[in-house]
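Got a predicted structure plus its sequence, pasted below:
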Amino acid sequence: MLSWLANAWRVPELRRRVLFTAAMLAAYRLGSWMPAPGVDSKTIQDYFNGQGGTVLGLLNLFSGSALSRFSIFALGIMPYVTASIILQLLTVVVPTLEQLQKEGESGYAKINQYTRYLTVVLAAAQSTGYAYLFRRQGALNINTGRMVLIIITLTAGTTLLMWLGELITKRGIGNGISLLIFASILTSAPAGINAWVNGGPLEKLFFPLIALGIVVAVVFVQEGQRRIPIQYAKRMVGRRQTAGGSTYMPLRVNMAGVIPVIFAAAIMAFPPTIGQFFPQTQSFINAHFSPGNWLYLGLEGGLIVVFTFFYTAVQFNPVDQADNLRKYGGYIPGIRPGPPTAQYLDRVLTRLTLPGSLYLALIAVLPSLFIRYGGFSQATSRALGGTSVLIVVGVALDTMRQMESQMMMRSYEGFLR
């Protein structure tokens with residue numbers, strides 16, 4: 001691995017890309033520590049000390065603790081991620097967006113433009129909600145003019161992050177938006193390591209083994225796929241006859257990625273959030289919706305399974321795939337083209353999605369089980385959080401693939417085998 005990294009550093013273009021990516025991530029982390037105008041970070045931090053199980057605690061994780069400081073990047077890149085998911089879901093129900101998606105590069109460029117507009121709208125609405133909430137809770141002592149200035153600052157910060165992410169994708173290494181989330185999540189690693197060092201003997205002994213096991217399991221499942229053989233017949237294109245060939249259609253075990261875990265965590269965080277506004281329900285919520293409660297874990301696991309099937313169905317349409325195969329002269333050996341192919345793909349996808357959804361549910365509930373039965377501290381288990389591990393490992397693998405492709409173009413031996 002060290003020789004591979006040395007070879008990568010010796011390539012001027014790859015070295016420039018890596019340095020540019022590091023500089024953009026450093027600028028992002030610097031902005032995460034710069035408070036918005038008129039904000040007392042200490043007061044906001046004191047308010048966030050009791051928000052671990054609420055939506056604010058979840059959003060604070062994805063912002064790299066910038067929200068708890070109410071910095072200029074307090075919203076993080078999550079408004080852009082939310083806008084992307086909304087546009088992706090709308091392409092299924094809005095015919096105009098579905099048609100744009102089928103137009104190729106020009107259609108995707110138009111959808112990306114809509115995503116940027118929606119990001120600005122969501123960032124403005126989210127920053128308004130935060131400013132109003134903190135002002136109501138007494139964490140912000142500001143007038144209306146200063147409140148408007150804070151809203152504009154946070155919205156501009158999210159827009160700047162969106163631009164930085166696209167710059168990293170274009171001129172750096174890896175997907176820029178994913179790397180920004182990756183950098184945000186890694187900020188909780190020092191606190192987890194410190195809690196592990198100061199933890200009990202059982203935690204010190206088993207935490208490295210469990211962490212290694214979880215990472216290996218995530219890599220194994222993330223890379224797992226079912227390869228459907230595809231055969232192409234000879235076709236006449238103009239005056240030329242194209243040669244037939246064979247290839248395969250890869251269907252991943254975890255096609256939905258980390259999105260179902262994020263959806264489920266956000267929904268399960270709503271009851272504690274609502275309980276803050278209705279004190280009479282606080283005792284019931286604490287008894288049934290605490291992260292270590294079996295009802296909470298069962299509901300969270302069930303939601304993850306449901307969202308995995310839903311999001312996989314949105315991403316992969318067997319009918320469209322069967323039509324595309326028939327249009328280009330492709331077929332699955334032993335399966336008739338058309339509806340039988342769609343039924344076969346749907347059956348294979350369902351069998352793959354079930355273990356993938358159970359795997360996501362298990363990864364998501366493991367930290368709560370470690371806290372309750374393993375004696376692990378909250379900070380240590382947060383470093384093992386299902387969402388965090390899935391994002392960190394997934395982004396690391398994707399970035400490694402892109403670096404390997406750059407190396408292979410220059411006849412260097414790759415790292416991934």
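Perfect, thanks for sending it.

Over to F206: give its phi and psi.
The phi/psi pair for F206 (degrees, to the nearest 10) reads phi -90, psi -20.

now swap in S178 and tell me
Reported as degrees, to the nearest 10, the phi and psi values for S178 are phi -60, psi -40.

Could you do G174 as well?
phi 90, psi 180.

got the contact list for it?
Neighbouring residues of G174 by C-beta atoms under 8 Å, 6 or more residues apart in numbering: 21, 168, 395, 398-399, 402. The way it works is simple: take the backbone N, C-alpha and C, and place the C-beta from them, glycine included.

again, 7 Å this time
Residues near G174 by C-beta atoms under 7 Å, 6 or more residues apart in numbering: 21, 395, 398-399, 402.

centre of the chain versus stretch 94-113, how much separation?
With C-alpha atoms, centre = their mean, to the nearest Å as the basis, stretch 94-113 stands 22 Å off its chain's centre.

The residue nearest to V39 when sequence neighbours are not counted - how many residues pack around it?
If the residues on either side of it in the chain are set aside, V39 comes closest to F70, at 4.6 Å by C-beta to C-beta, 6 or more residues apart in numbering. Number of residues near F70 (other C-beta atoms under 10 Å) recorded here: 27.

isn't F70 right up against I44?
Yes - contact status for F70 versus I44: in contact at 4.6 Å, counting by C-beta atoms under 7 Å.

Distance-wise, check the residue nearest to V39 relative to L205.
Relative to L205, F70 is positioned 39 Å away (C-beta to C-beta, to the nearest Å).

Likewise for T115?
Separation of T115 from L205 (C-beta to C-beta) stands at 47 Å.

picking that back up, so what's the residue nearest to V39 up against?
Applying C-beta under 7 Å, 6+ apart to F70 gives the contacts 35-36, 39, 41, 44.

Put the buried members of these into a ChimeraX selection.
Buried subset of these, written as a ChimeraX selection, criterion 16 or more other C-beta atoms under 10 Å:
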select :35,36,39,44
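
Could I get the contacts of F70 in CSV, plus columns for secondary structure and pLDDT?
What follows is these, written out as CSV (DSSP: H, G, I helix; E, B strand; the rest coil; pLDDT from 0 to 100):
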residue, secondary structure, pLDDT
P35, strand, 83
A36, coil, 84
V39, coil, 80
S41, helix, 77
I44, helix, 80
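
if we can go back for a sec, who has more neighbours, T115 and L205?
For T115 versus L205, neighbours defined as other C-beta under 10 Å are more numerous around T115 (19 against 11).

for the stretch 201-350 of the chain, which spans come out with low pLDDT?
234-244, 269-270, 272-279, 281-282, 286-292 (pLDDT under 70).

ranges for the strands of it?
225-232, 235-237, 240-242, 245-252, 330-331 (DSSP state E, counting those that start in this stretch).

among these, which is nearest L97?
Proximity to L97 (C-beta to C-beta) singles out strand 245-252 among the strands of the stretch 201-350 of the chain, at 24.2 Å.

List the neighbouring strands of the closest one plus their orientation.
Sheet pairing for strand 245-252, assigned by DSSP bridges, gives strand 225-232 (antiparallel).

roughly how far is the partner strand from the heart of the chain?
Remark: strand 225-232 is offset 28 Å from the chain centroid, using C-alpha atoms, centre = their mean.

how about it: buried residues?
By neighbour count with 16+ other C-beta under 10 Å, strand 225-232 contains the buried residues 228, 230, 232.

Put together a markdown table for these, with distance to L299 on each row.
Listed next are those as a markdown table, based on distance: C-beta to C-beta, whole Å:
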| residue | distance to L299 |
| --- | --- |
| I228 | 34 |
| I230 | 40 |
| Y232 | 46 |
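
tell me which of these is nearest to N254?
Ranked by distance to N254 (C-beta to C-beta), the buried residues of strand 225-232 are led by I228 at 16.8 Å.

From G330, how far off is that closest one?
Here the criterion is C-beta to C-beta. By it, I228 lies 11 Å from G330.

go on, R16?
To G330, R16 is 40 Å away according to C-beta to C-beta.

neighbour-wise, which of these two wins?
A count of neighbours by other C-beta under 10 Å puts G330 above the other of R16 and G330, at 21 against 13.

isn't that one right up against G245?
No - in this structure G330 lies outside contact range of G245 using C-beta under 7 Å: 9.6 Å.

Give me the common contacts of these two.
Listed as contacting both G330 and G245 by C-beta under 7 Å, 6+ apart are Y232.

G138 belongs to a helix?
No - the assignment for G138 (DSSP: H, G, I helix; E, B strand; the rest coil) gives coil, which keeps it out of a helix.

Need the per-residue pLDDT for it.
Note for G138: predicted pLDDT of 75.

coming back round to it: got the strands of the stretch 201-350 of the chain as a markdown table, with distance to L362 columns?
Output for the strands of the stretch 201-350 of the chain, formatted as a markdown table (distance: least, C-beta to C-beta, whole Å):
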| stretch | distance to L362 |
| --- | --- |
| strand 225-232 | 20 |
| strand 235-237 | 46 |
| strand 240-242 | 46 |
| strand 245-252 | 17 |
| strand 330-331 | 36 |
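
Among those, which comes closest to P340?
strand 330-331 (10.0 Å).

which residues are in contact with stretch 40-48?
Defining contact as C-beta under 7 Å, 6+ apart, one finds that stretch 40-48 is touched by 35, 56, 60, 68-70, 134, 137, 139.

which of the residues in it are buried?
Across stretch 40-48, burial judged by 16+ other C-beta under 10 Å covers 43-44, 47-48.
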